[in-house]
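>>> From the sequence below, what's the structure:
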Amino acid sequence: MAKGIPDNIFNMLAEADKKYNLPAGTMHSIMQQETGGNAKYLDNPTTYHYGLNADGKRIAGHTGKVSTAFGPFGILESTAADPGFGLKPLKDKTSLAEQMDFAAAYASKRGIAAYGEGEPYARQVAARIAKGTPATVVPAEMAPPVQSVQLAQAVPVPTEVQAPVQVAPAASALEGWGALAQALPPEPVKEQDLQFGSPDMQVAAMRRVDPNFQAFGRWKARV
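Here you go, the predicted structure:
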């Protein structure tokens, strides 16, 4: 056994990656994304992801839309019959090897996002590849809910959250300038400079204490 699945299947997945120039682990990750490790899709690749409802339709529970996804790679019947993009239709739906080759070719041609219809799906597959894709096959009755090809939200991808920057409260302007005024020697000033908040007077006062003082913020243009 390799990573919880039969060695021959694990090797087939790896070979499909190489054949279609996909990052190592891609097909393994897509299979896990689509089935959650449910063994029944390997035992019978024709198994649908959703059963028939009273109207004879297969409805994906997470979207409420009709879905004919089947097999380990969530291939839609419509896609299997007419994939487009220069790809040949899936000939033998019962063949796991053919399904794997078809899915790998389709993912290579269209990209992972289009395969799963969304960038979130592609990020989830990429995250699985990065962490080694835990793809343990479990009995069908123990498996988590099945995911279809359209699923893009089921497995949240961890994102780095930056802690908010803590900014210490600034001292009151009145207190700051009051302290400065006490440190400066008395000298005559123009009457208009006596107004509190005059930027020119304040900057000039600061430079008498520190010749290298640079104004900032809304005062910068005036200095």
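>>> From here on, just use CA atoms for contacts and neighbour counts.
OK.
>>> tell me the domain boundaries of this structure?
Domain segmentation of the chain under automatic domain parsing yields 7-142, 173-222.
>>> worst average pLDDT in those domains?
Note on the domains of the chain: domain 173-222 shows the lowest mean pLDDT, a mean of 47.
>>> by contact count, what packs against the top helix by length along the chain?
The single longest helix within the chain, with elements called by DSSP state H, is helix 96-110. Packing partners of helix 96-110 (3 or more Cα pairs under 8 Å, 6 or more residues apart in numbering; DSSP states H and E): helix 7-19, helix 112-115.
>>> how does it look with 10 Å?
Helix 96-110 is packed against helix 7-19, helix 26-35, helix 40-43, helix 77-81, helix 112-115, with contacts defined by 3 or more Cα pairs under 10 Å, 6 or more residues apart in numbering; DSSP states H and E.
>>> relative to helix 96-110, how tilted is the first one?
Spelled out, that is helix 7-19. 30 degrees (axes from the mean of the first three to the mean of the last three Cα atoms, to 10 degrees).
>>> got the angle for helix 7-19 vs helix 26-35?
120 degrees.
>>> Just the buried residues of helix 7-19, please?
I9, F10, M12, L13, A14, E15, A16, D17 (16 or more other Cα atoms under 10 Å).
>>> For R58, give me its contacts.
Y48, H49, Y50, G51, L52, G64, K65, V66, S67, T68, A69 (Cα atoms under 10 Å, 6 or more residues apart in numbering).
>>> phi, psi of it?
Main-chain torsions, R58, degrees, to the nearest 10: phi -100, psi 120.
>>> what sits opposite it in the beta ladder?
Applying DSSP bridges to R58 gives these bridge partners: L52.
>>> What about A81, how many residues nearby?
12 (other Cα atoms under 10 Å).
>>> any chance you could read off phi and psi for the residue nearest to it when sequence neighbours are not counted?
Excluding its sequence neighbours, the residue lying closest to A81 (Cα to Cα, 6 or more residues apart in numbering) is P89, at 5.1 Å. Reported as degrees, to the nearest 10, the phi and psi values for P89 are phi -60, psi 160.
>>> I'd like the distance between P89 and Y41.
Separation of P89 from Y41 (Cα to Cα, to the nearest Å): 20 Å.
>>> Filter the contacts of R58 down to the buried ones.
By 16+ other Cα under 10 Å, the contacts of R58 give Y48, H49, Y50, S67, T68, A69 as buried.
>>> Could you tell me how many residues sit around the residue nearest to the fifth one when sequence neighbours are not counted?
With sequence-adjacent residues excluded and distances taken as Cα to Cα, 6+ apart, T68 is closest to L76, at 5.2 Å. Look at L76: counted by other Cα under 10 Å, it has 20 neighbours.
>>> can you check the one 10 residues further on too?
G86 has 9 neighbouring residues, counting by other Cα under 10 Å.
>>> how close does it get to R110?
Distance from G86 to R110, by Cα to Cα: 11 Å.
>>> now R128
Taken as Cα to Cα, the span from R128 to R110 is 19 Å.
>>> quick one: which of those two has more around it?
R128 (22 against 12).
>>> what helix or strand is that one on?
helix 119-130 (DSSP states H and E).
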